[in-house]
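A.B. asks: Got a predicted model here, sequence first, then my questions.
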Amino acid sequence: MTSDAAPAAPTNPGLGALFVGFLTISIQAFGGVLPWARRVIVERRGWLSPAEFTDMLSLCQFLPGPNMINLAVALGVRFRGIPGAIAAFAGLIGVPMVIVLLLVTLYEGIGPSPAVDDTLGAIAAAAAGLMIATTAKIAEPFFRARDWRAILIAAIGFLAVGIFRWPLLWVLFVLAPLGVAAYWRWRR
Amino acid sequence: MGAYGQLIAHFAVLSLLAVGGVPTVIPEMHRHAVDVAGWLSDTEFTNLFAIAQGAPGPNMTIVTLIGWHVTGLGGALVATAAFCVPCCVLTYFVFQLWNRWRDRPWRVAVQAGLSAVTIGIVAAGALVIAIAADTNLARFAITLATAALAWWTRLNPLWALGAAGVIGALGFA
């Protein structure tokens, strides 16, 4: 894999960079923000290492609220405190809000159209592929480290949510303590 | 309670229930907006959901659209703020504590355990999205090609999304 090559120098973003970074993420993010967040934050701007990104993402996943909104707040706070959180949040949400309001106005004007449905459907298929590649990038370090405990826990979560379609909330409530317990004991 | 008050009350509560993200609370959002509050019809909810999913950005813009549907621009802003502020404040305080406990041994175990679960959840999300999107063979091929491109090259994935959009617009997928 070539895409995780570290950028030239680690950077410490200011308020403007946080706002623009998350704006860049938001306007490209068709069919899921996560692949774009990782691409910009880890691969392009080098604000976090791959491991730091996965750590931050995992905590955001367990906190209530939209994961990527939480991630923007966590990353903004880390570099620039509360103003940083507001800058990242505004960058992530501002333009998409304007876009959906324009789209809904347009949609109510022209009504449903098969050509639009086909276009969006094909874009959704590409977005799914992007999500698969991002999953692979997040999982890869755990395979490389031969961390079978993590891979087993991940496999259980994947089966429960992806295959059996059990409610995410309950899977998290059961699996998270199990995951922590697995590391707790083995680390002593 | 006025329309604004109702939007704030509903979405502020949902914000703190959305453990795992927006998909967790979509069923409850639908139940309340359509069946309890009567803000919109079933079809209207589905259409707004499709617009929010099809547009770039976080999938929480469904909340913006419901607020807009109820009371226009003011509702859009109020609903979005009500849905984002509670979880953002919580995130802020949790990360403050989290950083303070950086060197505690138990934090290492918690982080490792949660990261492992996260991989599984992200993988499940990818599968669910792919199954929903790949309704024919051409779309399945688009998914595979985009995954391969994003894994092996540094090309901006927007090219793949754009190409897919063109293929779809021409009626090939």
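C.D. replies: Received the coordinates, thanks.

A.B. asks: Three-state assignment for the residue positioned nearest the centre of chain B, please.
C.D. replies: For chain B, B:Asn59 is the residue whose C-alpha lies nearest the centre (CA atoms, centre = their mean; 3.2 Å). Recorded secondary structure, B:Asn59: coil (DSSP: H, G, I helix; E, B strand; the rest coil).

A.B. asks: where exactly do the helices run in chain A?
C.D. replies: With helices called from DSSP state H, chain A shows them at A:15-28, A:34-38, A:50-62, A:67-110, A:114-144, A:148-158, A:168-187.

A.B. asks: so which of those comes closest to B:Leu77?
C.D. replies: helix A:67-110 (8.3 Å; CB to CB). To be clear about C-beta, it is placed using only N, CA and C from the backbone, and glycine gets the same treatment.

A.B. asks: Let me see the mean pLDDT of the closest one.
C.D. replies: Helix A:67-110 shows a mean pLDDT of 94.

A.B. asks: Give the other helices and strands that it contacts.
C.D. replies: helix A:15-28, helix A:34-38, helix A:50-62, helix B:42-54, helix B:61-100 (3 or more CB pairs under 8 Å, 6 or more residues apart in numbering or on different chains; DSSP states H and E).

A.B. asks: For these, which has the smallest mean pLDDT value?
C.D. replies: Across the helices and strands packed on helix A:67-110, helix B:42-54 gives the lowest mean pLDDT, at a mean of 84.

A.B. asks: Enumerate every residue touching A:Leu175.
C.D. replies: A:153, A:156-157, A:160, B:117, B:120 (CB atoms under 8 Å, 6 or more residues apart in numbering or on different chains).

A.B. asks: Next, format these as JSON lines and append distance to B:Val34, neighbour count and pLDDT.
C.D. replies: Shown next, in JSON lines, are the contacts of A:Leu175 (distance: CB to CB, whole Å; neighbours: other CB atoms under 10 Å in any protein chain shown; pLDDT from 0 to 100):
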{"residue": "A:Ile153", "distance to B:Val34": "37", "neighbour count": "28", "pLDDT": "95"}
{"residue": "A:Ile156", "distance to B:Val34": "34", "neighbour count": "18", "pLDDT": "96"}
{"residue": "A:Gly157", "distance to B:Val34": "31", "neighbour count": "28", "pLDDT": "94"}
{"residue": "A:Ala160", "distance to B:Val34": "28", "neighbour count": "21", "pLDDT": "94"}
{"residue": "B:Val117", "distance to B:Val34": "32", "neighbour count": "28", "pLDDT": "92"}
{"residue": "B:Gly120", "distance to B:Val34": "32", "neighbour count": "27", "pLDDT": "92"}
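
A.B. asks: For A:Arg44, which of the helices of chain A is the nearest?
C.D. replies: Of the helices of chain A, nearest to A:Arg44 by CB to CB is helix A:15-28, at 8.4 Å.

A.B. asks: I'd like to check the angle between the closest one and helix A:67-110, please.
C.D. replies: 50 degrees (axes from the mean of the first three to the mean of the last three CA atoms, to 10 degrees).

A.B. asks: picking that back up, what confidence value was assigned to the closest residue in space to the residue nearest to the centre of chain B that isn't next to it in sequence?
C.D. replies: Nearest in space to B:Asn59, with sequence neighbours left out and distances taken as CB to CB, 6 or more residues apart in numbering or on different chains, is B:Val22 at 5.0 Å. B:Val22 is assigned 88 on the pLDDT scale.

A.B. asks: I'd say B:Val22 and B:Thr61 touch.
C.D. replies: No: contact between B:Val22 and B:Thr61 fails when scored by CB atoms under 8 Å: they sit 9.5 Å apart.

A.B. asks: and those two? which has more neighbours close in?
C.D. replies: The neighbour count for B:Val22 versus B:Thr61, taken as other CB atoms under 10 Å in any protein chain shown, is higher for B:Thr61 (29 against 22).

A.B. asks: Now do the contacts for the more buried one.
C.D. replies: Applying CB under 8 Å, 6+ apart, the residues contacting B:Thr61 are A:96-97, A:100, B:52, B:55, B:80.

A.B. asks: Out of those residues, the closest to B:Ala33 would be?
C.D. replies: Closest to B:Ala33, out of all of the contacts of B:Thr61 and judged by CB to CB, is B:Ala52, at 13.0 Å.

A.B. asks: what's the neighbour count on that closest one?
C.D. replies: So B:Ala52, with other CB under 10 Å, has 23 neighbours.

A.B. asks: Likewise for A:Ala127?
C.D. replies: A:Ala127 has 29 neighbours, counted by other CB under 10 Å.

A.B. asks: could you measure the residue nearest to it when sequence neighbours are not counted against A:Gly121, distance?
C.D. replies: Leaving aside its sequence neighbours, A:Ala127 sits nearest to A:Gly31 (CB to CB, 6+ apart; 2.4 Å). From A:Gly31 across to A:Gly121, the span is 11 Å (CB to CB, to the nearest Å).

A.B. asks: higher neighbour count, these two?
C.D. replies: A:Gly31 (24 against 21).

A.B. asks: Domain ranges for chain B, per the record?
C.D. replies: B:1-100, B:104-133, B:134-173 (automatic domain parsing).

A.B. asks: just to revisit the earlier point, which one of the contacts of B:Thr61 is nearest B:Leu158?
C.D. replies: Nearest member of these to B:Leu158, counting by CB to CB, is B:Ala55, at 14.7 Å.

A.B. asks: surely that closest one meets A:Leu102?
C.D. replies: No: at 9.0 Å, B:Ala55 does not count as touching A:Leu102 under the criterion of CB under 8 Å.

A.B. asks: Sounds good, over and out.
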